[in-house]
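In: build me a structure from this.
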Amino acid sequence: MSDTQALRDSFALVGKSGDEVPRYFYSYLFLIAPQVRPMFPVSMGQQRDRLVAALGRIVADVDDPDRLVPYVQQLGRDHRKFQVVAEHYDAVGQALLATLGYFLGEAWTPELRRGWTDAYGLVARTMFQAADADSAVNPPWWNAEVVRHEQRAFDIAVVTLRLDQPMAYAAGQSVMVETPILPSTWRSFTPANAVRADGSIELHVRSIDGGLVSPAVVYSLRQGDVLRLGAPVGDRLGLRRSQGRDLVLVAGGTGLAPLRALIEEIAWYGPPRRVDLFFGARDANGLYDMPALRQLAEAHPWLRVTPLVGADFGSFENRSLAGPVLRSGACRGRSVYVCGSPAMVSATVRDLAAGGIPHDLLHYEDAR
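Out: Numbering: from 1, shown residues only. Have a look, this model is predicted:
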């Protein structure tokens with residue numbers, strides 16, 4: 001059995017203990033390094049999920065450096081917004097080894113401990129080096145003042161922000177956002193615009209049941225409040241994926257944001273190409289950005305916008321927007337981008353693939 005397989009097998013064994021694993025890890029970390037507790041949100045549920053997901057990703061790709069190294073480097077850059085320093089990496093390493101040892105019991109052999117120590121050391125060094133390099137060109141976060149807060153529907157707000165310094169990003173990338181109402185609680189949002197000359201960023205936010213940051217943004221944020229934004233990340237929804245093809249964009253609800261940003265990027269920076277946007281919602285109130293979309297379509301003949309409400313695409317509970325998209329005949333030879341809720345994306349991508357759209361032309365975000 002290879003060393004990498006030993007890491008995978010031991011992680012799978014530890015994983016059988018479920019939520020107790022991240023609870024033990026963070027309890028141990030806060031005990032040996034209480035100074036790091038303010039870096040984390042009061043409610044640790046989502047943070048525990050992120051820890052398990054990150055460890056799982058690292059272990060899965062441990063012998064695939066082409067996938068692992070960019071992911072770990074991005075983790076290092078992302079953690080700059082928490083003001084992580086070298087001793088924090090040491091504390092996390094101690095907590096990780098203690099957690100593995102606790103849950104593995106007699107299976108925690110000296111050889112396995114050495115394997116995990118070496119693996120974590122490599123990950124920590126890669127993260128720290130990437131963070132150090134990033135510090136030469138980017139701040140740990142951007143301060144973003146709310147200059148406009150528009151309530152477009154009961155549970156949807158469009159928020160325009162003014163950054164304190166320029167941010168270089170590509171349409172389709174996302175940023176982590178922290179509100180003054182919930183310090184140390186970060187949530188990912190995607191700007192709904194390409195980079196603008198005035199440096200403004202527009203966020204489209206739906207309040208999620210049980211969420212923390214999204215209800216705060218929709219219902220409590222006010223003009224003049226200052227948010228913190230992390231560095232832009234991601235490339236799954238970027239224009240480079242399309243390789244210059246014409247586009248079909250399929251948006252559900254506020255999943256419109258990154259797709260509208262792609263339209264802006266084409267409009268402002270070119271080259272022009274045929275774009276069909278299908279914008280779906282449960283009802284007309286969910287089509288919150290239609291005036292702006294109509295203006296774009298009037299200004300750019302290469303853009304066609306098709307709004308869809310519940311009855312246009314069958315049972316809303318199915319969440320799939322594939323039916324009207326396929327019936328339009330617009331997809332042939334085009335790159336297709338899908339963005340919305342996880343249920344909508346999963347169902348739409350499944351049905352588009354079943355309808356004959358090649359998988360290499362389908363672009364969407366998923367857990368990987």
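In: what about the nearest residue to residue 361 once chain neighbours are set aside, how many neighbours?
Out: Distance criterion Cβ to Cβ, 6 or more residues apart in numbering; nearest residue to residue 361, sequence neighbours excluded, is residue 335 at 5.3 Å. (Each C-beta comes from the backbone N, C-alpha and C, glycine too.) Around residue 335 there are 21 other residues, counting by other Cβ atoms under 10 Å.
In: any idea how far residue 335 lies from residue 147?
Out: Distance, residue 335 to residue 147, by Cβ to Cβ, to the nearest Å: 34 Å.
In: equivalent analysis for residue 228, please.
Out: Distance check for residue 228 against residue 147: by Cβ to Cβ, it reads 16 Å.
In: pLDDT-wise, which helix or strand of this protein ranks last?
Out: helix 45-60 (a mean of 80; mean pLDDT, DSSP states H and E).
In: buried sites along it?
Out: By 16 or more other Cβ atoms under 10 Å, the buried positions in helix 45-60 come out as 47, 51-52, 55, 57-59.
In: likewise stretch 290-297?
Out: Buried residues in stretch 290-297, counted by 16+ other Cβ under 10 Å: 293, 296-297.
In: out of the residues you listed, the closest to residue 134 would be?
Out: residue 296 (33.8 Å; Cβ to Cβ).
In: wait, the closest one sits on residue 267?
Out: Yes - shown here, residue 296 and residue 267 form a contact pair, counting by Cβ atoms under 8 Å, at 6.9 Å.
In: now the common contact residues for the two.
Out: Counting by Cβ atoms under 8 Å, 6 or more residues apart in numbering, the residues touching both residue 296 and residue 267 are residue 303.
In: one step back: what's the spacing between the least confident helix or strand of the chain and its chain's center?
Out: Averaging C-alpha positions (Cα atoms, centre = their mean, to the nearest Å) puts helix 45-60 14 Å from its chain's average.
In: equivalent analysis for stretch 191-201, please.
Out: 18 Å.
In: the strands in this protein, which residues?
Out: For the chain, the strands defined by DSSP state E occupy 142-153, 156-163, 175-178, 186-189, 200-206, 226-229, 247-252, 275-281, 303-309, 335-339, 362-363.
In: format those as TSV; extra columns: distance to residue 321 and mean pLDDT.
Out: What follows is the strands of the chain, written out as TSV (distance: least, Cβ to Cβ, whole Å; pLDDT from 0 to 100):
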stretch	distance to residue 321	mean pLDDT
strand 142-153	19	96
strand 156-163	18	97
strand 175-178	26	94
strand 186-189	21	92
strand 200-206	17	97
strand 226-229	30	96
strand 247-252	5	97
strand 275-281	5	96
strand 303-309	6	95
strand 335-339	8	97
strand 362-363	13	97
